[in-house]
Each structure stands twice: as C-alpha cells, then as structure tokens.
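Enquirer: From the sequence below, what's the structure:
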Amino acid sequence: MAHRILDSAWSATLGTSPVARRFAIVLLAVLTVTVQPALAQERARGPNVLVIMADDLNNDMGTFGHPIVKTPNLDRLAKRAVRFDRAYTQFPLCSPSRVSLLTGLRPDTTKIHELQTDFRTILPDVQTLPQMFRRNGYLTARVGKIYHYGNPGQIGTSGLDDPASWDVFVNPRGVDKDEESVLTNLTPARQLGSALAYYASPAPDGEHTDGKVAAETIALLEKNKDRPFFIGAGFYRPHCPFIAPRKYFDLYPLDRIPAPSAVAGSLQPPAAWFTNPPNWDVGEQGQREAIRAYYASITFLDANVGRVLDALDRLKLSDNTIVVFISDHGYHLGERGQWMKQSLFERSARAPMMIAGPGVSARGRATTRIVEFLDIYPTLADLAGLSAPPGLHGRSLKPLLVNPQAAWNHPALTQVRRGAGTATFMGYSVRTEKWRYTEWDSGARGVELYDEVNDPDELRNLATDSRHRPIVDEMQRVLRRMRGN
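Expert: Reported below is the predicted structural model:
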C-alpha cells in the first residue's frame, strides 16, 4: 500500500504544467517523509507461510501422474509450485515423521519412534519450525493435525501438540466422528485407526472435520491478513477410516478400480513386511472397495485444500505467502499384499511435496532430485530470511526452487522400528537416484538392494548378487555416514 501511494505521487509530476508539477513535487516530498516509514516496514515484512499437511497421503494424485485420481486443486497449486517427485519421509509413521519434520532432526536424535511419547520430554529446549517464526514476530497458528494426535480417536483434542509452537490453535471435530458406528469395516479385528474401513457419508463437506479445518484456516487468514503469519492447516484425510461425502465416492465406480498387484517380490527378509498375513486376508472385492474409498478421500481432501487456496487468492495473499503442501509419509494400497505405511519400500517412504510462493522462480516445474522432509525447516528459514538454529540435519532446497535440475547429490534416509519391548530393532533405508539399500537390525535380519531405475516396483532384491557387491559396499558407507548425523 505505501509503495503504491508514492508511485501515484511520482506519476503526478509527469506530463503536467510547471505549476502543477512544482505542487506535485512538494507533495511528493511531504509524502516521502510521512509514508517512508510505512514503506520500510512493508519491505521489512517477510513472506507469510502456510503449511498444508495431509494425513497418510501417497502420490496417487493427478499432478503426480495418476490416471484415475482427481485432484484439480492440487493440480492448480502445482502450476505455480515446484513439485518434488522424490521426497522422502524420515519415518513412515505419523508422530515420528511429524516431529522430525518440525524439529529438523532425525528420529534417532528426537528418539520418537512411536505414537505415545511427547518429544519435549526428550528435547525440552529444541526450537521447532513454527517457534522460529514465532520468535521472529510472526503469528503462529495451527488448525487440526500438525503434530501427532490419534486419527480418528483424538480428533477434537490437542493430542501430542506442542503449545510452545503456537499463539493460536483450533481442534475441529466433524460429523465423521459421529458416523464411525455405521462404517463398513473389512478388518474388524484391527483398531479403527489402522483398519480398512469406510463410509460414503450423506453429510455435506462443511460438516466433516476436514471441512471445518478448511473453514477455520480461512478464518485465520482473514483475521491475520495484515500481519506476518505462519499457519499450519492439518487435514485428516485420506487417513482411515475412509469417510467422505458420497459424491466423492460416486466419482470412482467400483468397476473402474483395478485390483492391486499380487506379484510377490523375491528374497525379501521377513522384517520387510508390515501387513501379515498379506492383505490381512481381505479378498479382492474388499481391496477394491478400500482403494475406492481412499481415492474418494483424496478428492475430498483436494476440495478442502481448494477452498483454502481460493481464500489466499481472494485476500490477495498468494503472492506473499509460501505454500508448502506435504503428507507425513506414503501409503500402500495392496501392492504385494501390503497396506498402509511402516515399510521401507518406495510406496511407504515416498510422499508428495510441493512448494509455491516467494522465492520459487521455477513455477510449474518438477524435480526428480532426492530430497528429505528434513529439508523443509532450513528451506523455509532461507526463503523467509531468518536464521535457523544450528544443528539441523536437512539443507535448504532453494537451489531446486530456482533450477529443478541443479546439481544435487544428497541421499534420503528412512527408518522404521520392528518388534516390541526389549525385542525391538530398527530398519534403515538409503535412497539415491538409482538405488535403495536397506538393512534390518544392522544387517542381522536381512539386507535389500533395489535398482530403482530398472525395477521401480522393488521386486528383485539384488543384495546377495555377487555382481552387485561393490554397490552394496558403497551404500553401506552412505548409510553409516548418514546415521552419524
């Protein structure tokens, strides 16, 4: 606003009579004295930040090339963003992933490997990503699930939220909580938060929890449009149970949903599998019903993201707001009998990520460089011109936001825990542009090597092939180095 006032005054000095021009010059001098402080403040204001997080979303989206799933609003965001086609979580489970992303530290530093522990009991003084913005004068606010809380059990509560991160928080609760008793549950022996269960709801979008997340996020944008903000919009879909308005189910006729591939891999160690028995003994018809419900939930999520993006445009905030869209991890949909997350295969470790807004000059382009969720914290600090705390484990993605093909040689490290009690052990997986290498219990419970270029479905474990011994040795060195962070 201040710069527009000065521009108008300067324009008045051009093409006028000498008397009028002298008057305009005097006016310009007065305005410069009075408006310049406002102009300086305007220029000093950094970009806003809006982090939109999905829950359990894989890359089955139109903009990522999926032939069936409809995501018109995320496709629209991609046209002004850099899309990261190979972005990897640090731990394919909600709380460990989110804590790692928000602290910028690997899970072996946060010590969060499950869903119950508050990270502040381990790292009481760590400066989180929203805290960094809060300490630099930003309003920080969240709506819904940014840090972990159980979905659906803790919807409407703060769960494992971090009060030190926020000035404002909102915990929406929608009609989907009241519809849990009428779900179709294909795996009734499993807890609802980890069950293949679904419901095509008659309730309109705005009555669902995700509809309320969108509405509350828009209200925060409207209220704080004239001050710098960091807002986290945490959606609950497509996390199970897969509840969405019926109209989204109707977009995906069941006879158009292909059954997942039943092709088994070769030589995978037992620790590699999360879903035992395969498909939890759900038959092909049930599998297709679950996939349909997951797709419906994605499109419902997309519709609510679209409402938030529309509000950014309406409030004229898009040009000065960095928008990050991300999920917490990937998701299996029956490939080789695997469902959900908690594996170290590509389908679980890889998740969607897009960044748009100030500092993103390569708009509408994609990069295939390997990046980690850890990179988000230093990237946002870099784009906002803020000093990130020392010791972060990621690196700024700004070079890729300018040139998606920039030189970049940084592998991704993903881990997951197996077992219970004193019998727990860890699996670690390193992803480079060509290879995925995985060790279970430091190799004692199995080793995997996949050629991601020629075997993207990870069906042929090459770790015991003597011809690939040099690759195994090199990937072991990479893994040891990355674990030393």
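
Enquirer: make it CA atoms for all contacts and neighbour counts henceforth
Expert: Noted.

Enquirer: Pull the number of nearby residues for residue 221.
Expert: 20 (other CA atoms under 10 Å).

Enquirer: do the same with residue 406
Expert: By other CA under 10 Å, 12 other residues sit near residue 406.

Enquirer: ok, and the closest non-adjacent residue to it?
Expert: Spatial nearest neighbour of residue 406, chain neighbours left out: residue 400 (6.0 Å); criterion: CA to CA, 6 or more residues apart in numbering.

Enquirer: thinking that neighbour is in contact with residue 365, fair?
Expert: No: the pair residue 400 / residue 365 is not scored as a contact, 10.1 Å apart, by CA atoms under 8 Å.

Enquirer: Of the two, give the one with the bigger neighbour count.
Expert: Neighbour totals were compared for residue 400 and residue 365, and residue 400 leads with 23 against 18 (other CA under 10 Å).

Enquirer: average pLDDT for the one helix or strand the more buried one maps to?
Expert: Residue 400 belongs to helix 398-402 when elements are defined using DSSP states H and E. Helix 398-402 comes out with an average pLDDT of 98.

Enquirer: Given the next helix or strand after it, what are its sheet partners and their directions?
Expert: As assigned by DSSP H and E, the chain's next helix or strand after helix 398-402 is strand 412-418. Partners of strand 412-418 in the sheet, by DSSP bridges, are strand 425-431 (antiparallel).

Enquirer: Buried residues, the one helix or strand residue 471 maps to. List them.
Expert: Per DSSP H and E, residue 471 falls inside helix 469-483. Within helix 469-483, the residues scored as buried using 16 or more other CA atoms under 10 Å are 471-472, 475-476, 478-479, 482.

Enquirer: list the helices and strands it packs on?
Expert: Using 3 or more CA pairs under 8 Å, 6 or more residues apart in numbering; DSSP states H and E as the contact test, the elements touching helix 469-483 are strand 425-431, strand 435-440.

Enquirer: Tell me which of the ones you listed sits nearest to residue 256.
Expert: When the helices and strands packed on helix 469-483 are compared for distance to residue 256 using CA to CA, the nearest one is strand 435-440, at 32.2 Å.

Enquirer: Quick one: the helices in the stretch 201-350 of the chain, in order.
Expert: Under the criterion DSSP state H, counting those that start in this stretch, the stretch 201-350 of the chain carries helices at the ranges 209-223, 246-249, 284-314, 346-349.

Enquirer: so which of the helices and strands packed on helix 469-483 is the most packed in?
Expert: Scoring the helices and strands packed on helix 469-483 by mean neighbour count under mean count of other CA atoms under 10 Å gives strand 435-440 as the most buried, with a mean of 24.

Enquirer: The next helix-or-strand element following that one versus strand 425-431: what angle between them?
Expert: Following strand 435-440 in sequence order, the next helix or strand is strand 447-451 (DSSP H and E). Using axes from the mean of the first three to the mean of the last three CA atoms, to 10 degrees, the direction of strand 447-451 lies 20 degrees away from that of strand 425-431.

Enquirer: show me where pLDDT drops low in the stretch 1-150 of the chain?
Expert: Counting by pLDDT under 70, the stretch 1-150 of the chain contains low-confidence ranges at 1-44.

Enquirer: Apply 80 and report the result again.
Expert: For the stretch 1-150 of the chain, the stretches flagged by pLDDT under 80 are 1-45.

Enquirer: Please enumerate the helices of it.
Expert: 2-11, 18-44, 72-78, 94-103, 107-110, 129-134.

Enquirer: So which bits of the third one are buried?
Expert: Taking 16+ other CA under 10 Å as the neighbour-count basis, helix 72-78 is seen to contain the buried residues 72-75, 77-78.

Enquirer: Roughly how far does residue 332 sit from residue 58?
Expert: Using CA to CA, to the nearest Å, we find residue 332 at a distance of 8 Å from residue 58.

Enquirer: Sorry, wrong one. I was asking about residue 329.
Expert: Counting by CA to CA, the gap from residue 329 to residue 58 is 7 Å.

Enquirer: cool, residue 249 as well?
Expert: With CA to CA as the criterion, residue 249 and residue 58 are 18 Å apart.

Enquirer: Looking at these two now, which is surrounded by more residues?
Expert: More crowded of residue 249 and residue 58, by other CA under 10 Å: residue 58, with 26 against 22.

Enquirer: if I pick the residue lying closest to residue 374 once chain neighbours are set aside, what's in contact with it?
Expert: Spatial nearest neighbour of residue 374, excluding adjacent residues (CA to CA, 6+ apart): residue 394 at 4.7 Å. For residue 394, the contacting residues are 104-105, 372-378, by CA atoms under 8 Å, 6 or more residues apart in numbering.

Enquirer: got it, and residue 48?
Expert: If you count contacts by CA under 8 Å, 6+ apart, residue 48 has them with 228-230, 320-322.

Enquirer: how far away is it from residue 337?
Expert: Taken as CA to CA, the span from residue 48 to residue 337 is 43 Å.

Enquirer: Over to residue 200?
Expert: As judged by CA to CA, residue 200 and residue 337 stand 25 Å apart.

Enquirer: what's the answer for residue 46, then?
Expert: The gap separating residue 46 from residue 337 is 48 Å, by CA to CA.

Enquirer: before we move on, what about residue 62?
Expert: Counting by CA to CA, the separation of residue 62 from residue 337 is 24 Å.

Enquirer: Counting neighbours, go ahead and name the busier of the two.
Expert: Neighbour totals were compared for residue 62 and residue 337, and residue 337 leads with 23 against 16 (other CA under 10 Å).

Enquirer: my read: that one touches residue 282, true?
Expert: No: in this structure, residue 337 is not within contact of residue 282 by CA under 8 Å, at 9.5 Å.

Enquirer: Just the buried positions in stretch 259-277, please.
Expert: Neighbour-count burial for stretch 259-277 [16+ other CA under 10 Å]: 259-260, 268, 271-275.

Enquirer: no, scratch that, I was asking about stretch 141-154
Expert: Judged by neighbour count using 16+ other CA under 10 Å, the buried positions of stretch 141-154 are 141-152, 154.

Enquirer: got it, and stretch 403-418?
Expert: In stretch 403-418, counting by 16+ other CA under 10 Å, buried: 403-404, 410-418.

Enquirer: thinking in terms of the whole chain, how far from its middle is it?
Expert: How far stretch 403-418 lies from its chain's middle: 15 Å, per CA atoms, centre = their mean, to the nearest Å.

Enquirer: Over to stretch 330-346?
Expert: 17 Å.

Enquirer: Can you give me the end-to-end span of that stretch?
Expert: In stretch 330-346, first residue to last residue: 8 Å (CA to CA).

Enquirer: what's in contact with it?
Expert: The contact list for stretch 330-346 (CA under 8 Å, 6+ apart) reads 56-59, 91-93, 260-265, 272-275, 277-279, 287, 291, 329, 347-352, 414-416, 427-429, 438, 457-458.

Enquirer: rerun at 7 Å
Expert: Contact with stretch 330-346 is made by 56-58, 92-93, 260-264, 272-275, 278-279, 291, 347-351, 415-416, 429, as judged by CA atoms under 7 Å, 6 or more residues apart in numbering.

Enquirer: And for stretch 124-141?
Expert: With contacts defined as CA under 7 Å, 6+ apart, stretch 124-141 is touched by 102-103, 164-169, 228-232, 377.

Enquirer: Most neighbours among the residues you listed, which one is it?
Expert: Neighbour tally across the contacts of stretch 124-141 (other CA under 10 Å): the maximum, 27 neighbours, falls on residue 377.

Enquirer: Low-confidence ranges, the stretch 151-300 of the chain, go.
Expert: 262-266.

Enquirer: quick one, domains of this structure?
Expert: Domains of the chain are assigned by automatic domain parsing as 2-43, 47-402, 412-483.
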